[in-house]
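Asker: Following is a predicted model, sequence given first.
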Amino acid sequence: MKKLVVALLLLSPVLLFAQSEGIQFSEGMSWSQVKAKAKAENKYIFMDCFTTWCGPCKYMSANIFPMKSVGDVMNKNFIAIAVQLDTTDKDNDFIKSWYQDGHDIAKDYKVMAYPTYLYFSPDGKLVHRAVGSSPADEFLTKATNALDPAKQYYTLLAKYNAGKKDSGFLRSMALTALDAYDMETANKVSKDYLATQPNLYTTGNLEFVKQFTQSSKDKGFEMMLKNGDKVDAVLGKGVSTGIVQQIILSEEVIKNIPRKTGEKPDWEAIAASLKSKYPAQADEVLAKGQIIYYQYFSKDWKSFEPAIVAYMKKYGANVSADDLNSYAWTVFQNCDDMTCVAEALDWSKRSFAENQNPMFMDTYANILYKLGKKDEAITWEQKAIDLSAEGDKESLQQNLDKMKNGEKTWE
């Protein structure tokens, strides 16, 4: 089963709803009325910026916002409002009345990831932001930080812009900007911080560099490309290779995959470019790029099956747990060749060997079931349920019920 991730994109607008015990979202109010209410009650404003298509947004609304512990903190300190930042044919008149404010909010506050949480002071001034789905305790930490001037993102940003540049502050500021998904500021401040460091190869600095290495133009990319052994000696075997290859894959392969239906990548041109720029990584990156193309773009499962098996035989020893699970789940859902499915069973088992991830166990159980090993599948699916968070148990239970009833768990 796939894990939720932050949904990225920029669109535009507001749906207000109430929870019984959880966060009490204000209903039927305009943006100006919300600000007036916050000022009158001397409360901060919590704004949940979401879209109707965003999986992580739905997860938070269904599992985190209704929690009593979350509601107790949020209702005491905030006027809460949920703002829909996309438009649909099903939008009612009230949602439509928020279209312009929603558009302005997305533009003015650079909302480019969903969910984004914006926090305003009682006088309507933006003081803090956070991004992404998270467990309840992490979500509440983000919210309570909005109440503390020493931790408010925009308060810290104002200090940076006013000239505060000591190394400790720069490091904290860069990480806070990263959490806020203000990437322009995060990259700028991270460079300022690294310029103050005489030795970049300490554990603390390399962990920092890793978080800010997202393109071939970043300082960390060159460090990991040219001094990978030195980096791995501190961060662990294969860390530098994984980061470098992911960036090369993104910049040299993914961006050159045509988006129009029917158009195919020019694999020869891509291979030539890779071998010219990155000869040591070229073959593996090309092979992984072809898998991604079959998996996510063309959905050509007849080509995917031999490609993924060949890739795993040659490069599988270093594949991450997330990728092991992703490949195994994709084979389970889409491939009819039972030989390939049997190969995927091994990848799946490796994916949770060291982390006991219940979602990865669910993948393993489903593959066992598809291979006809019903009793073993049921045992593992029950283990996944026992280890899973409350919000995930229902979907896993549905899988278990299907297994017990002899029904397909794949399309």
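Answerer: It's in. Numbering: from 1, shown residues only.
Asker: Would you mind listing the buried residues in stretch 342-361?
Answerer: If you call a residue buried by 16 or more other Cβ atoms under 10 Å, then stretch 342-361 has these buried ones: 343-345, 347-352, 357-361. For every residue, glycine as well, the C-beta is placed using N, CA and C.
Asker: Same list (those) but as JSON lines, adding pLDDT.
Answerer: Listed next are these as JSON lines, based on pLDDT from 0 to 100:
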{"residue": "343", "pLDDT": "96"}
{"residue": "344", "pLDDT": "97"}
{"residue": "345", "pLDDT": "97"}
{"residue": "347", "pLDDT": "97"}
{"residue": "348", "pLDDT": "97"}
{"residue": "349", "pLDDT": "97"}
{"residue": "350", "pLDDT": "96"}
{"residue": "351", "pLDDT": "96"}
{"residue": "352", "pLDDT": "96"}
{"residue": "357", "pLDDT": "95"}
{"residue": "358", "pLDDT": "95"}
{"residue": "359", "pLDDT": "95"}
{"residue": "360", "pLDDT": "97"}
{"residue": "361", "pLDDT": "97"}
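Asker: could I get these as JSON lines with distance to residue 255 and secondary structure?
Answerer: Shown next, in JSON lines, are those (distance: Cβ to Cβ, whole Å; DSSP: H, G, I helix; E, B strand; the rest coil):
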{"residue": "343", "distance to residue 255": "30", "secondary structure": "helix"}
{"residue": "344", "distance to residue 255": "29", "secondary structure": "helix"}
{"residue": "345", "distance to residue 255": "34", "secondary structure": "helix"}
{"residue": "347", "distance to residue 255": "27", "secondary structure": "helix"}
{"residue": "348", "distance to residue 255": "30", "secondary structure": "helix"}
{"residue": "349", "distance to residue 255": "34", "secondary structure": "helix"}
{"residue": "350", "distance to residue 255": "30", "secondary structure": "helix"}
{"residue": "351", "distance to residue 255": "28", "secondary structure": "helix"}
{"residue": "352", "distance to residue 255": "32", "secondary structure": "coil"}
{"residue": "357", "distance to residue 255": "31", "secondary structure": "coil"}
{"residue": "358", "distance to residue 255": "35", "secondary structure": "helix"}
{"residue": "359", "distance to residue 255": "30", "secondary structure": "helix"}
{"residue": "360", "distance to residue 255": "30", "secondary structure": "helix"}
{"residue": "361", "distance to residue 255": "35", "secondary structure": "helix"}
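Asker: Just the closest of the residues you listed to residue 28, please.
Answerer: For the buried residues of stretch 342-361, the minimum distance to residue 28 (Cβ to Cβ) is 38.3 Å, reached by residue 359.
Asker: Max pairwise distance over the buried residues of stretch 342-361: which two?
Answerer: It's 343 and 358 that sit farthest apart of the buried residues of stretch 342-361, by Cβ to Cβ, at 22.7 Å.
Asker: Please state the offset of stretch 228-248 from the chain centre?
Answerer: 21 Å (Cα atoms, centre = their mean, to the nearest Å).
Asker: what is the mean pLDDT for that stretch?
Answerer: In this model, stretch 228-248 has a mean pLDDT of 95.
Asker: ok, now stretch 364-375?
Answerer: 97.
Asker: Okay, buried residues for it please.
Answerer: Residues 364-371 are the ones in stretch 364-375 that count as buried (16+ other Cβ under 10 Å).
Asker: Same check on stretch 209-223?
Answerer: Buried residues in stretch 209-223, counted by 16+ other Cβ under 10 Å: 209-210, 212-214, 216, 218, 220-221, 223.
Asker: Checking residue 79 next. Helix, strand or coil?
Answerer: State at residue 79, reduced to three classes by DSSP: H, G, I helix; E, B strand; the rest coil: strand.
Asker: Quick one, grab the pLDDT at it.
Answerer: For residue 79, the model assigns a pLDDT of 96.
Asker: quick one: it and residue 71, what's the gap?
Answerer: For residue 79, the distance to residue 71 (Cβ to Cβ, to the nearest Å) stands at 13 Å.
Asker: which one of the two has more residues nearby?
Answerer: More crowded of residue 79 and residue 71, by other Cβ atoms under 10 Å: residue 79, with 25 against 18.
Asker: Could you check how far the more buried one is from residue 273?
Answerer: From residue 79 over to residue 273 (counting by Cβ to Cβ), the distance is 53 Å.
Asker: Ok, residue 124 next?
Answerer: Distance of residue 124 to residue 273, given as Cβ to Cβ: 51 Å.
Asker: Near residue 125, how many other residues are there?
Answerer: 11.
Asker: which ones are touching it?
Answerer: By Cβ atoms under 8 Å, 6 or more residues apart in numbering, the contact list for residue 125 is empty.
Asker: Could you do residue 323 as well?
Answerer: Listed by Cβ under 8 Å, 6+ apart, the contact set of residue 323 is empty.
Asker: quick one: it is in a helix?
Answerer: Yes: counting by three-state DSSP, residue 323 is located in a helix.
Asker: per-domain residue ranges of the protein.
Answerer: Split into domains by automatic domain parsing, the chain comes to 7-148, 149-196, 319-411.
Asker: Check what pLDDT residue 13 gets.
Answerer: 41.
Asker: Would you check how far apart residue 323 and residue 291 are?
Answerer: Note on residue 323: its distance to residue 291, by Cβ to Cβ, is 10 Å.
Asker: Ok, residue 210 next?
Answerer: Taken as Cβ to Cβ, the span from residue 210 to residue 291 is 24 Å.
Asker: Ok, residue 383 next?
Answerer: Separation of residue 383 from residue 291 (Cβ to Cβ) stands at 29 Å.
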